[in-house]
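Engineer: predicted model follows, preceded by the sequence.
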Amino acid sequence: MEAGKPLPKINPLTGKPFEVQLPKLEKLKTCFESNPDGAGIAWYSKEDNLWCVEKGLMTWDHFKETWDSKRFTVQDTIIAHFRIGTSGKKDKGNTHPFPVNVRTQEGNNPDRPIVTGK
């Protein structure tokens with residue numbers, strides 16, 4: 001892949017860059033149903049200058065409730081991951097995205113730490 005070109009869309013990871021239309025709920029539901037072993041959402045909080053993570057969403061209803069509660073807009077940068085377990089337990093702890101602390105993020109962008117949501 002050439003430098004500077006966007007990555008192709010690959011499920012089970014769905015990304016929504018800044019100022020790009022939100023994915024439709026129908027697409028998110030299809031992703032969840034095709035990868036039913038849990039999900040998680042990461043988003044960039046402009047107010048806090050932090051990446052936030054909500055994971056362990058083990059049902060479509062829980063995912064949708066969490067998604068709706070964030071009231072994401074076209075101005076948000078979001079990553080949603082839908083897991084299909086190939087190894088390890090199929091539980092909340094093995095869902096993505098995994099929070100990263102500043103120490104493990106050094107060399108990438110330590111000025112923007114990632115934090116865990118609820």
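Structural biologist: All right, it came through fine.
Engineer: quick one: low-confidence ranges for this protein?
Structural biologist: 1-15, 99-118 (pLDDT under 70).
Engineer: residue boundaries of the strands in it?
Structural biologist: Here the chain has its strands, by DSSP state E, at 13-16, 39-45, 50-57, 78-82, 114-116.
Engineer: show me where this structure has its helices.
Structural biologist: 25-34, 60-70, 102-105 (DSSP state H).
Engineer: any buried residues in the second one, and which?
Structural biologist: Within helix 60-70, the residues that count as buried by 16 or more other CB atoms under 10 Å are Trp60, Phe63, Thr66, Trp67. All C-beta spots, glycine's among them, are computed from the backbone N, C-alpha and C.
Engineer: now these in a markdown table, with distance to Ser34?
Structural biologist: Output for the buried residues of helix 60-70, formatted as a markdown table (distance: CB to CB, whole Å):
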| residue | distance to Ser34 |
| --- | --- |
| Trp60 | 11 |
| Phe63 | 13 |
| Thr66 | 19 |
| Trp67 | 17 |
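Engineer: ok, these vs Val74, which is closest?
Structural biologist: Within these, distances to Val74 taken as CB to CB reach their minimum at Trp67, with 14.8 Å.
Engineer: from what I can see the closest one touches Leu28, true?
Structural biologist: Yes: judged on CB atoms under 8 Å, Trp67 makes contact with Leu28 at a distance of 6.9 Å.
Engineer: shared neighbours, the two?
Structural biologist: Jointly contacting Trp67 and Leu28 under the rule CB atoms under 8 Å, 6 or more residues apart in numbering are Ala80.
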